[in-house]
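Give me a model of this one.
(chains A and B)
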Amino acid sequence: AQSVTQLDSHVSVSEGTPVLLRCNYSSSYSPSLFWYVQHPNKGLQLLLKYTSAATLVKGINGFEAEFKKSETSFHLTKPSAHMSDAAEYFCVVSGVGNFNKFYFGSGTKLNVKP
Amino acid sequence: GAVVSQHPSRVICKSGTSVKIECRSLDFQATTMFWYRQFPKKSLMLMATSNEGSKATYEQGVEKDKFLINHASLTLSTLTVTSAHPEDSSFYICSAEWVAGGRYNEQFFGPGTRLTVL
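Okay, the predicted model is just below:
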């Protein structure tokens, strides 16, 4: 079975400071992992994905995530937060053995202070 | 990237009526589509997997007679909320699966439909 745990429901940072959103996963198979962002009243947008290639994945808008199998983690980072980064972020796990169903984490709301 | 649309974006209906929500993949064919439900300030919950030409597969706890899914073509899946009640009010999101090849597929998400049942 697959699941993800997003360790923080809310994260608040100042503009220009680093962002760290934490995600741990559980999977019976070699997982595919994704980060999605959802702005208020908007659809989900894919930030980045890990699919067993390079463990450090670069996404859009300066976001990165590193797949660490030993820690079963896939944390999302950005060196410098921007006001426009304020949104809800979802970590997602998918497994080959489950007809590619997506399992969403509970979400982390990122607040960026001026 | 691939585009998935949903219609309507917002619907308000009276209790006891049925509401149909459409999900379309605009520039690719999707054998499989998924329907999710998102409660306010909550995560997305997978409701069902919609397969073109066959019956949908529902997640545990989701009433299949309440949430009727039809995937009649490779670009269209519909979700009908039958005899809607206020507790069915929610944000419904669909996704269409794009077969990337290799070991994984990708899902492209629609913008969502806000259902309010009075």
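
List of residues touching the helix or strand bottoming out on mean pLDDT in chain B?
Taking mean pLDDT, DSSP states H and E as the measure, chain B has strand B:106-109 as its least confident helix or strand, at a mean of 87. With contacts defined as CB atoms under 8 Å, 6 or more residues apart in numbering or on different chains, strand B:106-109 is touched by A:36, A:43-44, A:46, A:49, A:100, A:102, B:1-4, B:25, B:34, B:93-98, B:100. Every C-beta, even on glycine, is put in place using the N, C-alpha and C of the backbone.

change it to 7 Å
A:43-44, A:102, B:1-2, B:4, B:34, B:93, B:95-98, B:100 (CB atoms under 7 Å, 6 or more residues apart in numbering or on different chains).

Which of those residues are buried, as a PyMOL select command?
The PyMOL selection below is limited to those of these classed as buried (16 or more other CB atoms under 10 Å in any protein chain shown):
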select buried, (chain A and resi 43+44+102) or (chain B and resi 4+34+93+95+96+97+98)
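
between the contacts of strand B:106-109, which is nearest residue A:94?
residue A:102 (5.2 Å; CB to CB).

Could you report the separation of the closest one from residue B:18?
27 Å (CB to CB, to the nearest Å).

what's the answer for residue A:35, then?
36 Å.

swap in residue A:5?
Residue A:5 is 37 Å from residue B:18, by CB to CB.

Compare these two (neighbour count), which wins?
residue A:5 (14 against 11; other CB atoms under 10 Å in any protein chain shown).

Count the residues that sit near residue 83.
Answering for chain A, as no chain was given. Count around residue A:83 with other CB under 10 Å applied: 10.

To clarify, I was referring to chain B.
As a measure of burial, residue B:83 has 12 neighbours, counting by other CB under 10 Å.

from memory it sits against residue B:16, does it?
Yes - counting by CB atoms under 7 Å, residue B:83 does reach residue B:16; the two are 5.7 Å apart.
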